[in-house]
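Peer 1: this is a predicted model, with the sequence first.
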Amino acid sequence: MGPSTIADKVVVITGASSGIGESTARLLARHGAKVVLGARRKDRIDTIVKELTASGGSALGFTTDVTQRGDVEALVKGALDRHDRIDVLVNNSGVMPIAPMAALKVAEWDRMIDVNIKGLLYGVAAVLPIMRKQRQGHIINMASVLGFKVFAPGGTVYSATKFAVRALTEGLRIELHGDNIRCTMISPGAVATELPDSTSEETARKNLRELYKMAVPAESIARAIAYAIEQPPEVEIDEIVVRPTAQDF
Ligand code: NDP
């Protein structure tokens, strides 16, 4: 078996300004990874980069809106220019505005599709030529337990985007194994982050607040991501599901 390590890996993380992305950046940097962070809230990214750098880590930050293909390309190019390779992409950016279909929140449907599906695909498009040329790489996609079970009423479109992430990750795995590129899907249950805040419906927000009382810390997901990354190159962790013990779906 080859060496298992996180140290020195160049890891690009989208949605790194809060929650799971931020926690993953902090955990991986503590283990010696060179993290490259993207999100829209650059002030938050700058603070995280400053803190990680001050404690001896390697971190770089970019303003990245994953719905803009050019932004995602600039993030990946920034990582490549600095480090000469990309070992891992964590496609983590996501939004979850919950509302019944009958509320016709069409702009929110668009946003979920744009961030959760198209943003993830732009990440894939940006790293694929590089990883194929390197003959190695690792794409980690953030799905959800709601990518296995439709959360309705309220989460129908969100679930649809996460079902899509499942299909995409499995398709990528099948297509890319010949290029020595690993693909991993992480499916969390309730995790204590800002994600439920993207819900504009008052009743749904109230229900989510109740549900999220059982939520586990973001670091529980960061640890799962680290576990997938630290496997020796010939070992691919395809899927990890992490739920609060108290969660039944
Ligand atoms: P947060 O809301 O804390 O983080 C979401 C991240 O996505 C933020 O960093 C945000 O950054 C980023 N983001 C949102 N829109 C965009 C955009 N247009 N371009 C770039 N980045 C964007 O929630 P989580 O940490 O919980 O979410 C991370 C992932 O985990 C998501 O894919 C989510 O679906 C998934 N997940 C979370 C669960 C949970 O219970 N928390 C459960 C299952 C899955 P910024 O606003 O600065 O751009």
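Peer 2: Arrived safely.
Peer 1: which residues touch stretch 193-210?
Peer 2: With contact meaning C-beta atoms under 8 Å, 6 or more residues apart in numbering, stretch 193-210 is reached by 18-20, 94-100, 103, 105, 108, 154, 212, 215, 218. C-betas here are computed from N, CA, C, even on glycine.
Peer 1: go again with 6 Å.
Peer 2: With contacts defined as C-beta atoms under 6 Å, 6 or more residues apart in numbering, stretch 193-210 is touched by 18-19, 95-99, 154, 212, 218.
Peer 1: is any part of stretch 199-207 close to the ligand?
Peer 2: No: Stretch 199-207 is not in contact with the ligand by C-beta under 6 Å from any ligand atom; minimum separation 10.9 Å.
Peer 1: of all the residues in that stretch, which ones are buried?
Peer 2: 199, 201, 204-205 (16 or more other C-beta atoms under 10 Å).
Peer 1: this structure against the ligand: which residues are in contact?
Peer 2: Looking at the ligand, the residues of the chain close enough under C-beta under 6 Å from any ligand atom are 14-15, 17-21, 39-41, 64-67, 92-96, 115, 119, 142, 144, 188, 190-191, 193-195, 218.
Peer 1: are any of the residues you listed buried, and which?
Peer 2: For the residues of the chain next to the ligand, buried by 16+ other C-beta under 10 Å: 14-15, 17-21, 39-40, 64-67, 92-96, 115, 119, 142, 144, 188, 190-191, 193, 195, 218.
Peer 1: beyond the longest strand anywhere in the chain, next helix or strand please.
Peer 2: Counting residues, the longest strand in the chain under DSSP state E turns out to be strand 181-188. Using DSSP states H and E, the helix or strand that follows strand 181-188 towards the C-terminus is strand 191-192.
Peer 1: secondary structure class for the closest residue to residue 16 other than its chain neighbours?
Peer 2: Spatial nearest neighbour of residue 16, chain neighbours left out: residue 37 (3.6 Å); criterion: C-beta to C-beta, 6 or more residues apart in numbering. With DSSP: H, G, I helix; E, B strand; the rest coil as the basis, residue 37 sits in strand.
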